[in-house]
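pasting a predicted model and its sequence here:
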Amino acid sequence: MLALSVFIIARNEADRIGATIGAVRDLTDDLIVVDSGSKDGTQALAASLGARVIHNAWPGYGPQKRFAEEQCRHTWLLNLDADEVVPDRLAAEIRALFAAGEPAHPAWRIGIAEIFPGETRPHPFAYTLYPVRLYRKDRGRYSTSPVFDRVDLEAGATAGKLRSKIHHFSVRSLGDQLDKLNRYSDQQADDLAARGVVIPTWRVFVELPGNFLKAYFGRRHFARGTYGFLTAMNYAISRHLRIAKHYERRRLATHRDRLDRSGRTS
């Protein structure tokens with residue numbers, strides 16, 4: 001076992017979290033699942049696989065991961081989502097990283113490659129993000145943002161990059177993906193309002209086509225054939241909904257202000 005804590009946040013992930021836990025339980029003696037109210041038995045399944053399961057009502061992505069960090073016993077942390085799996089090659093690379101003592105960097109970026117339904121491994125052209133997922137919690141912590149789950153490193157902390165990638169099974173189905181993205185767009189609209197951000201109205205007209213092109217070509221969904229076209233459409237719709245809901249809230253707030261002013265002057 002490594003001197004490494006692994007933490008996962010989850011809600012209704014009984015169909016996926018078993019593979020996530022199974023891939024890393026031999027890496028750690030401190031595996032934490034923070035559950036925000038699953039109704040499908042996620043908690044019992046995770047506990048049966050050796051995880052320490054803790055309930056915490058959903059406060060947003062960043063705050064939930066910060067809460068999970070605080071439950072970890074070790075200084076070195078590995079964060080996974082409940083739809084992500086560490087393949088054997090990556091597990092071996094992590095072991096090798098610690099085999100010679102303290103790793104050369106206090107944080108490490110790990111590629112996260114998406115795998116669509118019907119695929120068993122990442123497509124050669126799969127879109128891949130490289131966030132910090134392996135890090136010392138005394139040199140970096142998750143952001144407090146409710147919608148952006150990124151690790152903010154302290155000044156001067158450097159991040160290395162591992163060669164192997166996490167396998168990301170993010171899409172259960174097109175309908176489930178769209179439902180998830182729709183809920184996320186609500187949180188994004190809330191976050192924009194809380195930060196006082198105003199996005200210009202003209203973005204309503206270009207957000208959907210612009211983000212379809214971003215996903216289809218920039219994120220290389222075109223390489224996945226018809227299914228890639230459909231997932232690119234879902235992505236574009238979700239980005240459109242973020243702007244649409246933001247615009248609608250501003251419009252309704254303006255209307256309420258006008259009613260209030262007319263009521264005061266009548």
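Looks like it came in fine.

in the stretch 151-266 of the chain, which spans are strands?
Assigned by DSSP state E, counting those that start in this stretch, the stretch 151-266 of the chain shows strands spanning 151-153, 159-168.

need the ones you listed in a markdown table (columns: mean neighbour count and mean pLDDT).
Where you see a C-beta, it was placed from the backbone N, CA and C, and this is true even at glycine. A markdown table is the format used below for the strands of the stretch 151-266 of the chain (neighbours: other Cβ atoms under 10 Å; pLDDT from 0 to 100):
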| stretch | mean neighbour count | mean pLDDT |
| --- | --- | --- |
| strand 151-153 | 19 | 97 |
| strand 159-168 | 18 | 97 |
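
which of those sits closest to residue 87?
strand 159-168 (5.8 Å; Cβ to Cβ).

helices or strands up against that closest one?
In terms of contacts (3 or more Cβ pairs under 8 Å, 6 or more residues apart in numbering; DSSP states H and E), strand 159-168 is packed against strand 84-85, helix 88-99, strand 107-114, strand 132-136.

TSV for the strands of the stretch 151-266 of the chain, including distance to residue 78?
Below are those laid out as TSV (distance: least, Cβ to Cβ, whole Å):
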stretch	distance to residue 78
strand 151-153	11
strand 159-168	10
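
how about these, which one is nearest residue 31?
strand 159-168 (15.9 Å).

who does that closest one pair up with?
strand 84-85 (antiparallel), strand 107-114 (parallel) (DSSP bridges).

how about the CA coordinates for that strand, as CSV?
Written as CSV, here are the backbone C-alpha positions of strand 159-168 (Å, rounded to 0.1, in the frame of the first residue of the first chain):
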residue,chain,number,x,y,z
ALA,A,159,3.1,19.8,-11.6
GLY,A,160,4.5,16.9,-13.4
LYS,A,161,2.6,14.8,-16.0
LEU,A,162,2.0,11.1,-16.0
ARG,A,163,2.0,9.2,-19.3
SER,A,164,-0.9,6.8,-18.7
LYS,A,165,-4.6,8.0,-18.7
ILE,A,166,-7.7,7.6,-16.6
HIS,A,167,-10.5,5.9,-18.5
HIS,A,168,-13.6,8.1,-18.3
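
centre of the chain to it, how far?
From the chain centre to the centre of strand 159-168 is a distance of 15 Å (Cα atoms, centre = their mean, to the nearest Å).

ditto for stretch 28-36
16 Å.

what comes up buried for that stretch?
Neighbour-count burial for stretch 28-36, counted by 16 or more other Cβ atoms under 10 Å, picks out 28, 30, 31, 32, 33, 34, 35, 36.
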